[in-house]
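1. Could you look at this predicted model? Sequence included:
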Amino acid sequence: MILKAIIDEQVYTLNVPDPVIERGGDFFDQLDRDMDQGWQMSREWVEAPNRLQRCQIIADKLLTALEKENEKLGMLMAGYILDRLPNVETVELDVQGEIQNNQFSFRDQGRSADTDLSAAEQTPVGTPAAEPEPDEAETGSAMPAGLDKIQAMTQAGQDVTQVFKVGKAYRFSVYDHDSGSWQDSPLIANQPEAERLRQEAFKARYEALQRG
């Protein structure tokens, strides 16, 4: 089976042998079990990735495999996508590392993933299934203050994302309560430094939440 991967308008044709897909079932199931625990999709934590989101996650791993010229891993990742998305023809990989921007198209008259998946599986990452009424929509509010240690730690965990990969670099995001938007950190060259800076941001937010 063939999957075409598009990276910066360059097309890579991945010819995945049928035995890779037929014998890869246990490996594909293990990938699903890993994702059953939830996944950090760029700045959004997704507790239960749906089928499309799982294939977007695996597509990000496919991009890494292609960048590192790891043919074996690339074939397995492509095999997962071919197995989980029937009739998939191409995957357009986001080189900036935004997992939710990995896009699929299908052989049947140019169908997109939106027409191949059920409504429940089309829900974009980090958005509700239905648009809230205007009076229920979040418009941003002042940051809570005067919280106890447990409350502050919980809120800080919600306000500061885990480190996520963006292309070959790393970053994290911090929620700005005043504007109601996420503020991205600068791109950081390596994961240990990103984790260190993220911990500093978490500590600063934790302490700020306790101040009255």
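-> On my side now, so go ahead.

2. wouldn't residue 54 be in contact with residue 32 here?
-> Yes: using C-beta atoms under 8 Å, residue 54 is in contact with residue 32, at 6.8 Å. In this view, the C-beta of every residue, glycine as well, is placed from N, C-alpha and C.

3. Which one's more surrounded, these two?
-> Taking neighbours as other C-beta atoms under 10 Å, residue 54 and residue 32 compare with residue 54 leading, 23 against 15.

4. Check which helix or strand that one maps to.
-> helix 51-67 (DSSP states H and E).

5. Please apply the same query to residue 105.
-> Assigned by DSSP H and E, residue 105 falls in strand 103-106.

6. what's the answer for residue 144, then?
-> Counting by DSSP H and E, residue 144 is part of no helix or strand.

7. what number of residues lie near it?
-> Residues within reach of residue 144, counting by other C-beta under 10 Å, total 14.

8. phi, psi of residue 201?
-> phi -70, psi -40 (degrees, to the nearest 10).

9. what about the helices in the chain?
-> For the chain, the helices defined by DSSP state H cover 18-23, 25-36, 51-67, 71-84, 113-116, 149-159, 191-210.

10. In terms of mean pLDDT, which of the ones you listed ranks lowest?
-> Mean pLDDT per stretch puts helix 113-116 lowest among those, at a mean of 47.

11. Quick check: bridge partners of the spatially most central residue of the chain?
-> Centroid check for the chain by C-alpha atoms, centre = their mean gives residue 41 as the closest residue, at 2.0 Å. Beta-bridge pairing for residue 41 (DSSP bridges): residue 44.
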